[in-house]
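Dropping the sequence and predicted coords here.
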Amino acid sequence: MTTQVGFESLTEQEKYQAFLERLDRGEKIEVDDWMPDDYRQALIRLIAMHGISEIMGALPEKEWVPKAPTLHRKMAIMAKVQDEMGHGQLLLRVAEDLMAYYGKDRDDIYQDLFSGRLKFHNVFHMTAPTWADAGVIAWLVDGAAIVTQKSLLDTSYGPYGRVLQRICAEEVFHMQHGESIILELAEGTEAQRQALQEAVNRWWPALLMFFGPPEGNQLTKHQEKNLRYKIRTKTNEGLRQEFLDKYVPRIWALGLTVPDETIHYDEKQQKWIYQQPDWDEFRAIVNNNGPKSQERLRLRKSVFENAGWVRDILAVRTLATG
Amino acid sequence: MVNKISTAEEVKQHPAFREALVSLLYQLADDNFILSFRGSEWLGLAPQLESDVAFSSIWQDHMGHAALFYRMLEELGEGRADDLAHLRTPHEMRNAILTERSNGPGDYIVNPQYDWAYAVVRQFIFDLFESVRMTSLQQSSYLPLAQAAAKVAREKPYHVLHGESWLGQMIKTEEGQVRLKKALTNVWHDLGDLFSLGEMGEKMVEYGLTESEDFLRQRFVDRLRKVFDTYNINWPGELPKQMELNGRLGEHTDELAQALDILSEVYRQDPAANW
């Protein structure tokens, strides 16, 4: 075994080879293990983006927390948004552990968000103008998140996989909470049904975009690396097909429509054929030019700035208790 | 000494008792409902992720308590719990003024300039009061209320500890102390009607539903003094007795009307529909 000769005495190339062999044996990498720099950077990019998306994702939903129609719904959506903030916390801690290697911390993640270097998910740049939007976010956006996150459960980075297990378990509750809102609206008054259909129409392109552009025959360097490093195991299009498999029939079963006349399942190709969303628009959105991008970034930034004095008093505690 | 009453059906046989009980339950339900709303405005906006999660947990508990008390009112024939929470006018609300105060300038969606020091001080003061009130209500002559109070009381030590730990943090820096002092001044100003039992107060005491206003206020002061001594916080002075407004009598600020507009926006679209 390579460890017997002393891992530290290996050349960089040998370490890299040993690392790849660990991945191929299905072993999990831990925070203190040796890892190539581009693996660390790919993880930081992915996990920080995931964490900050949970935190930015709280903003469209929190708009509906006080307005949720009943006492029961108020409690449920408060709990859900709290969970999302908790997920953000768990994920940022995983990212922070990886970033400590470069002497960076959580404040750097926020600064990267504010400067536009760190992106957040396209769905959280969109408006949520009605209660039905809150339902669609919990049902379909969380449903899309479950598809992505489940595919990452087997990721090669141990701490990320473990956090994802807990997150996935909670996301199932969120999806059920969303489904319960949706069922009530779908079986409700004409006005409720109409608001629901409008919300589905509004969110459909963003939901297709959620998984990123289809790869076609070509993977980008990032994608190739993430697959080789077993950070992720599925392609964008593969994930999108899973989402369509699961949710299009459910949408139809509620008597709702999808705003795409061409969508159908092609038995021969064993896949969904659908109208591609505007991918130029996708790139504009994730580059913070979506309908609510600037407003939500301003909100997040003002929260960060207003909390400066709180960070100061908490720092005093850290010094005092060592 | 009053006989204990154990069911809503029994209460309905005693109109005067029922009137006093219902009046008390509105105070309990409305306090928790409105303050939970103020807390929920913070969701996603607290100064750090850890405090966001902890603070939200407290307000979920309060919304749960509001639902518990509104359900008791429903059982007593006051109407559907969701209607009671969402369809009453500001004048019909019986929450204390402290619970309806806004978190600061701005809107909870666009440009909130909220004051965290005020938020945690108000939370602490209210929960300490709630702790005192629940201790008293565990002896209530209406057994379902006594049982509910026992359930709520079990959560109070955690809520009080949360607020206390922020007091402990704030006194560690000069800026924290300045902010704490300002927050205490603002909270203090609104403490008058928190202890008021409203127009049915004497009946409530007579029927053994709760202990008196003076008793509750004194026990609160005793407990708060101990906390302030622990942290070397100056006592801000007498609790105000002269109230500009008494929420227990349905007198409120415009901040309550604004809160109710937001809270009921969706439900009012069609209160008869299922949501």
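Good, I have the coordinates. Numbers count the residues shown, from 1 in each chain, chains lettered A, B, ... in the order given.

residues in the stretch 101-250 of chain B within reach of chain A, list them.
Within the stretch 101-250 of chain B, the positions lying close to chain A (C-beta under 8 Å from any C-beta of the partner chain) are B:108-114, B:116, B:169-170, B:172-173, B:175-176, B:179. Yep, even glycine has a C-beta here, placed from its N, CA and C like the rest.

Can you tell me which of the residues you listed lies closest to residue A:232?
residue B:109 (34.4 Å; C-beta to C-beta).

thought the closest one was touching residue A:63?
Yes: assessed by C-beta atoms under 8 Å, residue B:109 is found in contact with residue A:63 at 5.2 Å.

ranges for the helices of the stretch 101-250 of chain B?
B:116-137, B:143-170, B:174-189, B:201-206, B:213-231 (DSSP state H, counting those that start in this stretch).

how about the residue nearest the centre of chain A, what does it touch?
With distances taken as C-alpha atoms, centre = their mean, residue A:50 lies nearest the centre of chain A, 4.5 Å away. Neighbouring residues of residue A:50 by C-beta atoms under 8 Å, 6 or more residues apart in numbering or on different chains: residue A:91.

Give me the buried positions along the host helix or strand of it.
Assigned by DSSP states H and E, residue A:50 belongs to helix A:37-62. Residues of helix A:37-62 classed as buried by neighbour count (16 or more other C-beta atoms under 10 Å in any protein chain shown): A:39-40, A:42-62.

What does the residue nearest to residue A:49 when sequence neighbours are not counted show for phi and psi?
Take residue A:49 and drop its neighbours on the chain: the residue closest to it by C-beta to C-beta, 6 or more residues apart in numbering or on different chains is residue A:119, 5.9 Å away. The phi/psi pair for residue A:119 (degrees, to the nearest 10) reads phi -90, psi 160.

Now do the contacts for residue A:119.
A:49, A:286-288.

where exactly do the strands run in chain A?
With DSSP state E as the criterion, chain A has strands at A:264-266, A:271-273.

What helices and strands are in contact with the last one?
For strand A:271-273, the packing partners by 3 or more C-beta pairs under 8 Å, 6 or more residues apart in numbering or on different chains; DSSP states H and E come out as helix A:236-253, strand A:264-266.

Serialize the ones you listed to a markdown table and add fields for mean pLDDT.
Shown next, in a markdown table, are those (pLDDT from 0 to 100):
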| stretch | mean pLDDT |
| --- | --- |
| helix A:236-253 | 97 |
| strand A:264-266 | 98 |
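
For the residue of the stretch 101-250 of chain A found nearest chain B, list the residues it contacts.
Evaluated by C-beta to the nearest C-beta, the stretch 101-250 of chain A has residue A:131 as its residue closest to chain B, separated by 4.6 Å. Residue A:131 makes contact with A:64, A:67-69, A:181, A:195, B:266, B:275, according to C-beta under 8 Å, 6+ apart.

mind redoing it with 10 Å?
A:64, A:67-69, A:73, A:77, A:181, A:185, A:192, A:195-196, A:199, B:265-267, B:269, B:275 (C-beta atoms under 10 Å, 6 or more residues apart in numbering or on different chains).

What of residue A:88?
Applying C-beta under 10 Å, 6+ apart to residue A:88 gives the contacts A:50-58, B:44, B:49, B:52-53.

Tell me how many other residues crowd the closest residue to residue B:163 other than its chain neighbours.
Closest residue to residue B:163 apart from its sequence neighbours, by C-beta to C-beta, 6+ apart: residue B:124 at 2.4 Å. Neighbours of residue B:124 under the rule other C-beta atoms under 10 Å in any protein chain shown: 24.

distance of residue B:124 from chain A?
In this structure, residue B:124 and chain A are 15 Å apart, going by C-beta to the nearest C-beta, to the nearest Å.

about what we covered before: mean neighbour count, the strands of chain A: which tops it?
strand A:271-273 (a mean of 15; mean count of other C-beta atoms under 10 Å in any protein chain shown).

Can you tell me which residues in the stretch 151-300 of chain A are near chain B?
Residues of the stretch 151-300 of chain A that fall close to chain B, judged by C-beta under 10 Å from any C-beta of the partner chain: A:181, A:183-185, A:187-189, A:191-192, A:195, A:295-296, A:298-300.

What does the pLDDT read for residue A:319?
Predicted confidence (pLDDT) for residue A:319: 60.

For residue A:11, the count of nearby residues, please.
A count of neighbours around residue A:11, defined by other C-beta under 10 Å, yields 8.

Thanks again, I'm all set now.
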